[in-house]
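Quick one: sequence plus predicted model below, questions after.
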Amino acid sequence: GENVEQHPSTLSVQEGDSAVIKCTYSDSASNYFPWYKQELGKRPQLIIDIRSNVGEKKDQRIAVTLNKTAKHFSLHITETQPEDSAVYFCAVGYGNKLVFGAGTILRVKS
Amino acid sequence: ETGVTQTPRHLVMGMTNKKSLKCEQHLGHNAMYWYKQSAKKPLELMFVYSLEERVENNSVPSRFSPECPNSSHLFLHLHTLQPEDSALYLCASSLETSGSLDTQYFGPGTRLTVL
């Protein structure tokens, strides 16, 4: 089956700095890579996703890059703000299901 | 109410009780999912239903029994649970087309505590 590893497990940045979270996966047939944000006590919400036919996608301060050859993809958040503080999960589309990473706790210090 | 809803939001039960979790989606989706979220662990997929048929059972113990009576509703029936089953149970739904995965929308979850 698919195996997803996510790093780092915690990340602290100063407000205004950039944050990068990376995930690696094992099955080259996987073709869908979403990122979810979960604030404390709330449901996970999709913030951006990418499919395997695209190398990069951007939405305002958030971008995702995909390296299919190396089987890794990354979330980039620029100009971080305190409201970006949350747990971020990557996921990999494998067959008819998503396999999630363990999550990254992002703390943005003001 | 729009989106994906779950009831109850909190549930405390003893190990000998029987209870059910309910999920409802108002998005016109055709696939629904149950996940378990425990502290410091990845979201664990439990069950997948597509067009009301169970297409995935991720080695879940039989004390968890799902039911999908129609494409808008999903239940998780619980009986003789163990304390280690205490977790946040999340429901999600998506629109599956041509076998391609799409965005999954999550409900708010049910916080389950087994005493």
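Now that the structure is in, tell me what you want to look at. Numbering: from 1, shown residues only, chains lettered A, B, ... in the order given.

Which other helices and strands does the top strand by length along chain A contact?
In chain A, assigned by DSSP state E, the strand with the most residues is strand A:86-94. Contacts defined by 3 or more C-beta pairs under 8 Å, 6 or more residues apart in numbering or on different chains; DSSP states H and E place strand A:86-94 against strand A:4-7, strand A:19-25, strand A:32-38, strand A:72-77, strand A:97-100, strand A:104-109. Backbone N, C-alpha and C define where each C-beta goes, glycine included.

among those strands, which is nearest B:Val60?
Distances from B:Val60 to each of the helices and strands packed on strand A:86-94 were compared using C-beta to C-beta; the minimum, 13.1 Å, belongs to strand A:97-100.

Who does the closest one pair with, and is each partner parallel or antiparallel?
Strand pairing for strand A:97-100, using DSSP bridges, gives strand A:86-94 (antiparallel).

And the contacts of the partner strand?
Identification of contacts with strand A:86-94 by C-beta atoms under 8 Å, 6 or more residues apart in numbering or on different chains yields A:1-2, A:4, A:6, A:21, A:23, A:25, A:27, A:29-40, A:44, A:47, A:73, A:75, A:98-101, A:103-106, B:42-43, B:101.

so who does the spatially most central residue of chain B touch?
For chain B, B:Trp34 is the residue whose C-alpha lies nearest the centre (C-alpha atoms, centre = their mean; 2.7 Å). By C-beta under 8 Å, 6+ apart, the contact list for B:Trp34 reads B:Cys23, B:Leu45, B:Met46, B:Phe47, B:Pro66, B:Leu74, B:Leu76, B:Tyr89, B:Leu90, B:Cys91.

which of those residues tops the neighbour count?
B:Cys91 (29 neighbours; other C-beta atoms under 10 Å in any protein chain shown).

Touching the worst-scoring helix or strand of chain B on mean pLDDT from outside, list them.
Ranking every helix and strand in chain B by mean pLDDT, DSSP states H and E puts strand B:53-57 at the bottom, with a mean of 81. The contact list for strand B:53-57, computed with C-beta under 8 Å, 6+ apart, reads A:Asn96, A:Lys97, B:Leu45, B:Met46, B:Phe47, B:Val48, B:Tyr49, B:Pro66, B:Cys68.
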